[in-house]
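Colleague: When you get a sec, could you give me coordinates for this:
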Amino acid sequence: MNLRTKPIEHKGVYQVRSLAEVVMGPVEILLVEDNVGDVVLIRQVLTMECPVAVNLHIARDGEQALLLLTNPPFKLGLIILDLNIPKITGLALLKRWQVMETPKVVFSSSMDEVEQKQTLTYGAREFVRKPTDIVGFMDAVYSMVEKWAMPPANEIG
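Modeller: Next up, the predicted model:
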């Protein structure tokens, strides 16, 4: 058990839940990704491996993402954004959506260093290259959520 979790008894059954979940509720994450396989894997990591509850909202292209971002019924804790998405590219979406309060992390297989630097210029907090192996991919997703969507352990409780 790490510093972010504590056992909770519910109807005689102990569950390990994160202190972040108890204090602040589930984290709202917007995933902007058109690759179905990546969406399935990210959802699996967030439901099975993540130490905090997550409500995952998915946009399959830049237009859907922009619609969600301009009329949100929720307060996002993190945006995970692929660059190579239909209709409005990830880079164009970053240029158009300059609200700084929600951390944006680009999760892409792009090898273009200029493009990577541009994402940071347009407001992404981090560029994470998608690993090609499944364990690395899952670790990268977990690390993004832990780094950008969860409060530090010393701020909980």
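Colleague: shouldn't Ile80 be in contact with Met144?
Modeller: Yes: using C-beta atoms under 8 Å, Ile80 makes contact with Met144 at a distance of 6.3 Å. C-beta coordinates here come from the backbone N, C-alpha and C atoms, glycine included.
Colleague: Now the common contact residues for those two.
Modeller: Residues touching both Ile80 and Met144 by C-beta atoms under 8 Å, 6 or more residues apart in numbering: Val105, Phe107.
Colleague: Can you identify the element that follows the helix or strand hosting Leu31 toward the C-terminus?
Modeller: Here Leu31 sits within strand 27-32, counting by DSSP states H and E. Downstream of strand 27-32, the next assigned helix or strand under DSSP H and E is helix 36-44.
Colleague: packing partners for that next one?
Modeller: Contact partners of helix 36-44 among helices and strands, from 3 or more C-beta pairs under 8 Å, 6 or more residues apart in numbering; DSSP states H and E: strand 54-59, helix 134-148.
Colleague: List the buried residues for the first one?
Modeller: Along strand 54-59, these residues count as buried under the neighbour rule (16 or more other C-beta atoms under 10 Å): Val54, Leu56, His57, Ile58, Ala59.
Colleague: now these in TSV, with distance to Asn35 and pLDDT?
Modeller: Output for these, formatted as TSV (distance: C-beta to C-beta, whole Å; pLDDT from 0 to 100):
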residue	distance to Asn35	pLDDT
Val54	19	90
Leu56	15	93
His57	16	94
Ile58	11	96
Ala59	13	96
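Colleague: For the helices and strands packed on helix 36-44, state which one has the densest average packing.
Modeller: strand 54-59 (a mean of 18; mean count of other C-beta atoms under 10 Å).
Colleague: what's in contact with that one?
Modeller: By C-beta under 8 Å, 6+ apart, the residues outside strand 54-59 that reach it are 26-33, 39, 42-43, 46-47, 65, 67-68, 74, 145, 149.
Colleague: which of those are buried?
Modeller: 27-33, 39, 42, 46, 65, 68, 145, 149.
Colleague: Kindly reformat these as JSON lines and extend each row with pLDDT.
Modeller: Formatted as JSON lines, the buried ones among the contacts of strand 54-59 follow (pLDDT from 0 to 100):
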{"residue": "Val27", "pLDDT": "89"}
{"residue": "Glu28", "pLDDT": "91"}
{"residue": "Ile29", "pLDDT": "94"}
{"residue": "Leu30", "pLDDT": "95"}
{"residue": "Leu31", "pLDDT": "97"}
{"residue": "Val32", "pLDDT": "98"}
{"residue": "Glu33", "pLDDT": "97"}
{"residue": "Val39", "pLDDT": "97"}
{"residue": "Ile42", "pLDDT": "95"}
{"residue": "Leu46", "pLDDT": "91"}
{"residue": "Ala65", "pLDDT": "94"}
{"residue": "Leu68", "pLDDT": "90"}
{"residue": "Val145", "pLDDT": "93"}
{"residue": "Ala149", "pLDDT": "88"}
